[in-house]
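> sequence plus predicted model, see below.
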Amino acid sequence: MRAEAGKQAPDFTLQNQDGEQVSLSDYKGQNVVLYFYPKDMTPGCTNEACDFRDNKGKFSDLDAVIIGISPDPIESHQKFIDKHDLPFMLLADVDHKTAEDYGVWNDGIERSTFIIDKEGKLQKEFRKVKVEGHVEEALKYLREAS
């Protein structure tokens, strides 16, 4: 099952930076901003994560949680969170199965964001994301959809 707007988002269970199992279905009743990024600590991924961090309150106001996913291991995620004071979880998709389910794996992660509604339905896909201005674009979509 590949992620497609208007259909149920593929569920997954992955470990977060603390080694806890997290499933998409845990967030039923909330909007989810699920973003896939290539690698912890790289310039583009750091800018994107910090943009999400700096706008977390605006997402919270729209009843949306932010979840980042990359193929990095949980230890790398914890260092990334600690270094940049990230207030959201990062999930380790080390076998890139979830990235494949969302159609963002192509010999590496294709930077992408998915907006998933409170019922778990995929509402919006942002593929081949350019970091600059992307977080505002996601916020704009959520504001207009609510």
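The structure has been received and is ready for your questions.
> grab the nearest non-local neighbour of Glu119.
Using CB to CB, 6 or more residues apart in numbering and skipping residues adjacent in sequence, the residue nearest Glu119 is Lys28, 7.0 Å away. In short, each C-beta sits where N, CA and C put it, glycine included.
> burial check on that neighbour, number of neighbours?
Lys28 has 13 neighbours, counted by other CB atoms under 10 Å.
> cool, and Asp72?
24.
> buried sites along the helix or strand where Thr113 lies?
Assigned by DSSP states H and E, Thr113 belongs to strand 112-116. Neighbour-count burial for strand 112-116 flags 112-116 (criterion: 16 or more other CB atoms under 10 Å).
> and the following helix or strand past that strand, what does it pack against?
Using DSSP H and E, the helix or strand that follows strand 112-116 in sequence is strand 122-126. Other helices and strands packing on strand 122-126, by 3 or more CB pairs under 8 Å, 6 or more residues apart in numbering; DSSP states H and E, are strand 112-116, helix 134-145.
> and the residue nearest to Glu119, what does it touch?
When contacts are counted by CB atoms under 8 Å, 6 or more residues apart in numbering, Lys28 touches 118-120.
> present the residues you listed as a markdown table; the columns should include neighbour count.
Putting the contacts of Lys28 into a markdown table (neighbours: other CB atoms under 10 Å) gives the following:
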| residue | neighbour count |
| --- | --- |
| Lys118 | 13 |
| Glu119 | 10 |
| Gly120 | 17 |
